[in-house]
Each structure stands twice: as structure tokens, then as C-alpha cells.
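Chemist: Quick check, what structure comes out for this input:
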Amino acid sequence: MSKGMSLSTDFAPAMIGDLLSRGAIAPSVTAATKRQALAVVSEMAARAYDLKASRVLDALLEREALSTTGVGHGVAIPHAHVPGLEAMSGVFLRLRPPVQFEAVDEEPVDLIFAILAPMDAGSDHLRTLARVARSLRSPELRRQLRQAQGADAIRALFAQEPRSSAA
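Modeler: Just a heads-up that it's a prediction; the model follows:
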């Protein structure tokens, strides 16, 4: 599997799909709770980017304790700075069934796009977060992600040009 991506931390990736290594997409995950879903994210990140799962989980839970990353419409975008990470990276999960995530609209979450940033990423972390959030505001992209057959189809959706940010 791919280790860290070779992107510079001087700028956010050109395409959202550039954040996702092949082993960082899971099209069908079962988790009973938000914590279990974040644990799956952490295990996937550990394998895909050669990290310690416990460090990833601790960073995600610490960020989640500040406020929910459930942004509405069944989407969560957990994000954190992770020790040992060399480049901006992502993990995508499609949960079946959805889980409660304390989302802003109180709807359960079935689409999770986790953003993991190097400790020195600075504003690139926030630019990447904004970019992913804008993309996932698209009802059409959310629909396509929910219907996509497999990890390659999901990655291809994120590799397309940026979409309208209409809600």
C-alpha cells in the first residue's frame, strides 16, 4: 500500500482525490458508534500511510471533543494534525447503516471524509478542509458517492473537477 502521498505541504492538493491512497477508501463499513467509525478511519490511515492507529484516533477524538465534524446531509469531515504524517492525506468511509455523529442537522452520517494533516501543515489543513466541505455540499456528489460500486468508483468521483457548492 501507498505510504504518505508525495505532495508538498506548501499547498493544498490540486484535486480532492489526490488525498486518497488506494487503501484509504472503504465503500461499506459497519460501525455502531461515532467512536467506532473513527477507529476504522484510524486503522485505515495506519495501514495506508504507515502511522500508529492510536495516534490518529487520539488526534481525531481530541478534535471531535471541540465540536462535531458532522456537517449535515449525512456527511462528516473529521480532521486533525497527526504526528508522523508527511503530507496531507485522507480516508473515506461509506457507513452502512449510518451512525449518529452529533451532526449539525442531527441526521445520522453515512459518508465520512477524514482529513489528516502533518503537524506543520499550517493553513493548508484549513484550505483542504474548506475544499472537501465545498465539494461534499453537492447533492449530486453525495448521491453518486452513496451509489458508487467500489473504492475505484469512489476515488474517480473525487478525482473529477470541483463541483457546484449548491446545497
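Chemist: Residue 116: what's it in contact with?
Modeler: 45, 49, 51, 56, 59, 79-80, 82, 85, 88-91 (C-beta atoms under 8 Å, 6 or more residues apart in numbering). Backbone N, C-alpha and C define where each C-beta goes, glycine included.
Chemist: Among the residues you listed, which ones are in strands?
Modeler: Within these, residues falling in strands by DSSP state E are 79, 80, 89, 90, 91.
Chemist: most surrounded residue in those residues?
Modeler: For these, neighbours were counted by other C-beta atoms under 10 Å; the highest total belongs to residue 91, with 30 neighbours.
Chemist: Quickly note the distance from it to residue 105.
Modeler: Between residue 91 and residue 105 the distance is 23 Å, computed by C-beta to C-beta, to the nearest Å.
Chemist: same check, this time on residue 62
Modeler: Here the criterion is C-beta to C-beta. By it, residue 62 lies 24 Å from residue 105.
Chemist: same thing with residue 85?
Modeler: Noted for residue 85: a distance of 30 Å to residue 105, by C-beta to C-beta.
Chemist: out of these two, which sits in the busier spot?
Modeler: Neighbours were counted for residue 85 and for residue 105 using other C-beta under 10 Å; residue 85 has more, 25 against 10.
Chemist: Excluding chain neighbours, give the residue nearest to that one in space.
Modeler: Leaving aside its sequence neighbours, residue 85 sits nearest to residue 118 (C-beta to C-beta, 6 or more residues apart in numbering; 4.8 Å).
Chemist: Quick check, that neighbour in contact with residue 80.
Modeler: No. Between residue 118 and residue 80 there is no contact under C-beta atoms under 8 Å: 10.9 Å.
Chemist: All the helices of this protein, residue numbers only.
Modeler: Counting by DSSP state H, the segments of the chain that form helices are 34-49, 53-66, 123-136, 139-147, 151-158.
Chemist: Return the most buried member of those helices.
Modeler: Of all those, helix 34-49 has the most neighbours on average by mean count of other C-beta atoms under 10 Å, namely a mean of 21.
Chemist: and the angle for that one with helix 53-66?
Modeler: Between helix 34-49 and helix 53-66, the angle comes out at 140 degrees (axes from the mean of the first three to the mean of the last three C-alpha atoms, to 10 degrees).
Chemist: for helix 34-49, what is the average pLDDT?
Modeler: Mean pLDDT, computed over helix 34-49, is 97.
Chemist: got it, and stretch 115-135?
Modeler: Regarding stretch 115-135, the rounded mean pLDDT is 92.
Chemist: before we move on, what about stretch 16-23?
Modeler: For stretch 16-23, mean pLDDT rounds to 89.
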